[in-house]
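Q: Here is the input, now give the coordinates:
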Amino acid sequence: MSLFKARDWWSATLGEGEEFDQGCLCVGDVDNSGTGHDKVVVGSYMGMLRIFSPHASKTIEGGQADAQLLEVQLQNAIIQVELGKFVSCSELLHLAVLHPRKLSVYSVSGTAGNVEHGDQYQLKLVYEHNLQRTACNMTYGTFGGVTGHHSLCIQSMDGMLMFFEQDSYSFGRFLPGFLLPGPLTYNPRTDSFLTVSSARELESYKYETLAVATEAGSRQDPNLPLKTGGKRLTPDWVFVLGEQALDLCVPSFSHASSHIFILGERNIYCLRDNGQIHFMKKLEFNPSCFLPYASVTDGTTNLLLGNHTNMLLVYQDVTLKWASQLSFIPVAVRVANFLDVKGVVVSLSSDGQLLCSYMGTDPSFFSTPKVDAREADYEQVEAEMKKLQKFIREATRTQDILPKTDSEDDLCITTTVSSSMDNPSQALIHDINGLPVPSVTVQVKVKASSVVKSSKLSIGVQPPLAVTQEQFVLEAMGVGSSKVVVFSAFLNGHYPPADLTGDITVSYSSPTGVPKVLQSRFNLPPSLVCVACPPPKATKFKITVDTNQPPVDLSSIFREFSAKSEDKDGNSLAFQLLSGAKVTVLASKTSQRYRIQSDSFEDMWLVVKELVHRFDQHFSKLGIKDFKKSFSGPLPLEEYFLSVDKHFQLRVSAQKYQDLLSERAVQFRAIQRRLLTRFKDKTPAPLQNLDTLMDATYSQVMALAEAAEENRALLEEAFVRLRSATHLLVLLLSLWQGLTPDQTSILEATLLPLLQDTPQLGWEESCDAAVSHLLRTCLSQNPKDQATSLAQTGGSVLGLPSDTARLKKHITLLCERIGKGGRLTLASEANVQVPAQVQNLAVPGGVEPIAELAGDGEEIEVPQEATKFIKKKQPSKKTKKEKEKKEVSKEPSEASVKEEEPIKETKKEKKESSKEKKESKKESTKEPKEEAKKESKKESSSSKEKKESSKEKKEKEKEKEGKEAGDKKVSRRSSVKVKEKKKEPEAAEG
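A: Got it, this is the predicted structure:
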């Protein structure tokens, strides 16, 4: 809201219940008085035409009565009014009034009065055109470069441009690709017409192109050939706006200006006459109208912009210069010169409020009343200061991405799940495998602490669970009122769900109009998806959970299932999933262990989760705070990978079905085209079994579609089972290593990055990318790998892999790293100390992305540019051998000795390189505790290299004594190589 208000100079209220729009206002010397003072012409949709000559007056009523020159009731609604030289052989201004089916041109004349009542004004009709099509808007100008008079162009609602030259009709043209009319204006500099199409593009048509185009007798199909002479109408240039335009304007207040202004729904565009963009301004409000006018600064243009917050803004190009407050939303704005003042802003609202104002600098503000001065209480001020500093410290300490919600919400959600099943059941499937499918009632109470308008409540459960009604519309609620919503949840599929939780989302608007969302979660009972049954004798999969407390009677924990259980001792309890296998829980009598076993690995998840959760509740009620649970057995990765492979095979099948469907669809359309060509031919030809081929292709398409739909249902079931298996694996990992809740959530987000599969992105590639990221960052045993991973700028696009071998290897490696004490944290990248040489690699353009080895997930390939910082290579032997060959003729004995030395050195280098490879592999698999041993080995190897280099140096010093002066250069180079060898252990340790 602006501090300054638009200073009212003159205002009027036009009629009652009338409507106005942006074309209903124009200013100019309509009566041709020659004084240079403008009049205001206003037309309404009710057909009322009014002309005003505003002037300053002490009383508003008297000012409006004196200022109104003319008021005429016309027969039809007034869409637009314009002033121009519309009459031939006359330089006077005339008034053009556009009606839906008529264009009328009037002359306004005034007669000086002899009495105190003032002058008399008359409106005379000069000519009119009856339109064959409903008009939308119009523009005028010197079409074709003709000077001395103006022509008119009217755009109809069906996309036809009708051109009128004074009292005669010139021609009409249909715009190509037209759907809905947009704003229309004329550019006299290029003699072209500008409009915005329904494709949200600004199009420019030259008048010459319109004149020679095909005559618009009726709209033709643009794909068909032209039936008459002429050229097809095409735009001179097109500019994509991407949004609908509200208004167009081509200012002509100076000869140097060559800009086109477009007011969009969210932006202002300024283009040059050739369609190139000059500048663009993004708006933070919804505009209603605008008007470019001359600026005092050369090369710039001022803009008057009205918006829906009753503001009138002044821009100089893209810079906001002034803002003032209006009492209404302007739909049209003009700048006029009157008798007493120049540059008055004339604005019109949609309900007929006409205002002439200027940009005043008198601030309008509320002055606060004076209060009694009192002495400051320093103790109270100090206490308040400490309190504020405490708030600041707490705010800076927390680094949450999302801001904290208010302590008190406008709504409060309370969810109550019934303890007993519904009778009768509301399930859509009455029984599964002979077992009845129950349903449970959930009651949601929404209580309002403030006034809330209509809100929407949505319920979401995980498939295959379903509810009787997913969405509810709540009526407006006052303070303290509440609404109760009741629905039933049940199983609606032939496979068990991966989660028994449901989400409740309430979307509403606060009393201040801010949209808000409130979420809540509820848990469904396990008796909804399973019943008690006798335990089976043999099972395939077993899981053992250890605790540090004496065994608990299972019947006391699962009371709802103990009544139907056959074991009265409470040492065993079996669950029969309605759409799955049997799961048995056995409690050891002697130890503190519990075994969960079943024929299905995925089906054990719900029982294990519920068992662990009820253990926590049971011991917390007893006041035992040191209760611990663990998992000591081997991780069931092989069983988990079976679910992964099944899900992957179904994804591959879905892709094959998609490809086959596209092939058969192309074939089906090709046969259809051939059949249509045969049927349209005047001389019938035999079909050559095309109809039989079409029937067979149609049958194949339908069969493939049914098979793809069946595969899609199986894929949904496989993904739910994969989610159950993944949840179980994450739980076992957390029990195995005692992970914290934060680490467990990171692991769960890594292995379950998606809640559902999509054709573009699936679980396998997403999980592989997440696991690889953890292996390269927080779970990497080599800190250099963590540092070099920061230099990666990106990877390849995720897509369906060829197989799951890489994913399985990465998941196995992830479990091994966690089992060896790896810490899961998202802050590892920020805490890694990056070496100086790797910091150089991380500079943009310093190195390409580091790609991981395709066959090994443990080691990361380092670029050649990076290896020179880690270990220097041995000096090359090519130059040495070449010089030795040259000296063979002179000293054959010395050459033979020199040939033996490089052979020995190459053998040593091979041994050293093999040792380095072995050491690198050991470094990737050993624990951090063995780093001290590695350093000692490196020091010993470096001492050996120093001894070897010293021996070589002594031998070469002996050779120097028998060499000639020409041989000294070779010895110098060998000494340089020895120096480099000395630096090798230092570089390897760095």
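Q: Kindly tell me how buried Val146 is, as a neighbour count.
A: Val146 is flanked by 12 other residues according to other CB atoms under 10 Å. The C-beta positions use only the backbone N, C-alpha and C, and glycine is treated the same way.
Q: how near is it to Ser170?
A: Remark: distance between Val146 and Ser170 (CB to CB, to the nearest Å) = 11 Å.
Q: With Asp503 instead?
A: From Asp503 to Ser170 the distance is 66 Å (CB to CB).
Q: between the two, who's got more neighbours?
A: Between Asp503 and Ser170, counted using other CB under 10 Å, the more crowded position is Ser170 (16 against 13).
Q: Which positions within the helix or strand encompassing that one qualify as buried?
A: Taking DSSP states H and E as the criterion, Ser170 maps to strand 168-174. For strand 168-174, burial by neighbour count (16 or more other CB atoms under 10 Å) applies to Ser170, Gly172, Arg173, Phe174.
Q: Run through the bridge partners of the last one.
A: Applying DSSP bridges to Phe174 yields these beta-bridge partners: Met160.
Q: re earlier: which other helices and strands contact the strand holding Ser170?
A: Counting contacts by 3 or more CB pairs under 8 Å, 6 or more residues apart in numbering; DSSP states H and E, strand 168-174 packs against strand 160-165, helix 207-212.
Q: let's see 6 Å
A: strand 160-165 (3 or more CB pairs under 6 Å, 6 or more residues apart in numbering; DSSP states H and E).
Q: pLDDT on the strand it packs on, on average?
A: Across strand 160-165, the average pLDDT comes to 92.
Q: I'd like to check the angle between it and strand 168-174, please.
A: Orientation check (axes from the mean of the first three to the mean of the last three CA atoms, to 10 degrees): strand 160-165 against strand 168-174 gives 160 degrees.
Q: Render the CA-only coordinates of strand 160-165 in CSV, please.
A: Extracted C-alpha coordinates of strand 160-165, given in CSV (Å, rounded to 0.1, in the frame of the first residue of the first chain):
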residue,chain,number,x,y,z
MET,A,160,-12.3,-11.3,-39.4
LEU,A,161,-10.6,-7.9,-39.9
MET,A,162,-13.0,-5.5,-41.7
PHE,A,163,-11.4,-2.3,-43.2
PHE,A,164,-13.4,0.9,-43.7
GLU,A,165,-12.2,4.0,-45.5
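Q: same for it, what does it pack against?
A: Using 3+ CB pairs under 6 Å, 6+ apart, strand 160-165 is in contact with strand 151-156, strand 168-174.
Q: and the shortest one, which strands flank it?
A: Strand 151-156 has these partner strands in its sheet, going by DSSP bridges: strand 135-141 (antiparallel), strand 160-165 (antiparallel).
Q: what's the strand holding Ser170 in contact with?
A: Gly159, Met160, Leu161, Met162, Phe163, Leu210, Ala213, Ala216, Arg219, Leu233 (CB atoms under 6 Å, 6 or more residues apart in numbering).
Q: okay if I get those residues as CSV plus distance to Lys390 and neighbour count?
A: Below are the contacts of strand 168-174 laid out as CSV (distance: CB to CB, whole Å; neighbours: other CB atoms under 10 Å):
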residue, distance to Lys390, neighbour count
Gly159, 67, 23
Met160, 72, 22
Leu161, 70, 23
Met162, 74, 22
Phe163, 75, 20
Leu210, 73, 20
Ala213, 76, 20
Ala216, 76, 19
Arg219, 73, 12
Leu233, 72, 18
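Q: Can you say which two of those are spatially most distant?
A: Spatially, the most separated pair among the contacts of strand 168-174 is Phe163 and Arg219, at 17.3 Å (CB to CB).
Q: Low-confidence stretches in this structure?
A: 1-3, 57-65, 113-118, 216-230, 253-257, 361-374, 397-408, 563-570, 782-796, 827-990 (pLDDT under 70).
Q: any idea how far Leu729 is from Trp736?
A: 10 Å.
Q: which one of these two has more residues nearby?
A: Leu729 (23 against 17).
Q: which residues sit in contact with that one?
A: Tyr640 are the contacts of Leu729 under CB under 6 Å, 6+ apart.
Q: Shouldn't it be within a strand?
A: No - Leu729: not assigned to a strand; according to DSSP: H, G, I helix; E, B strand; the rest coil it is helix.
Q: mind giving me the domain split of the protein?
A: Following the TED database, the chain resolves into domains at 5-57+64-216+233-360, 411-527, 536-631, 637-786+803-819.
Q: Out of those, which is closest to Asp377?
A: Nearest of the domains of the chain (CB to CB): domain 411-527, 33.8 Å.
Q: in the stretch 251-400 of the chain, which spans are strands?
A: 259-264, 267-272, 277-282, 287-294, 301-307, 311-316, 319-325, 330-336, 344-349, 353-358 (DSSP state E, counting those that start in this stretch).
Q: Out of these, which is the most enclosed?
A: strand 344-349 (a mean of 24; mean count of other CB atoms under 10 Å).
Q: Next, the angle strand 353-358 makes with that one.
A: Going by the same axes, to 10 degrees, strand 344-349 makes 160 degrees with strand 353-358.
Q: Note down every partner strand of strand 344-349 and its orientation.
A: strand 330-336 (antiparallel), strand 353-358 (antiparallel).
Q: Put together TSV for those strands, with distance to Leu25 on each row.
A: Output for the strands paired with strand 344-349, formatted as TSV (distance: least, CB to CB, whole Å):
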stretch	distance to Leu25
strand 330-336	4
strand 353-358	8
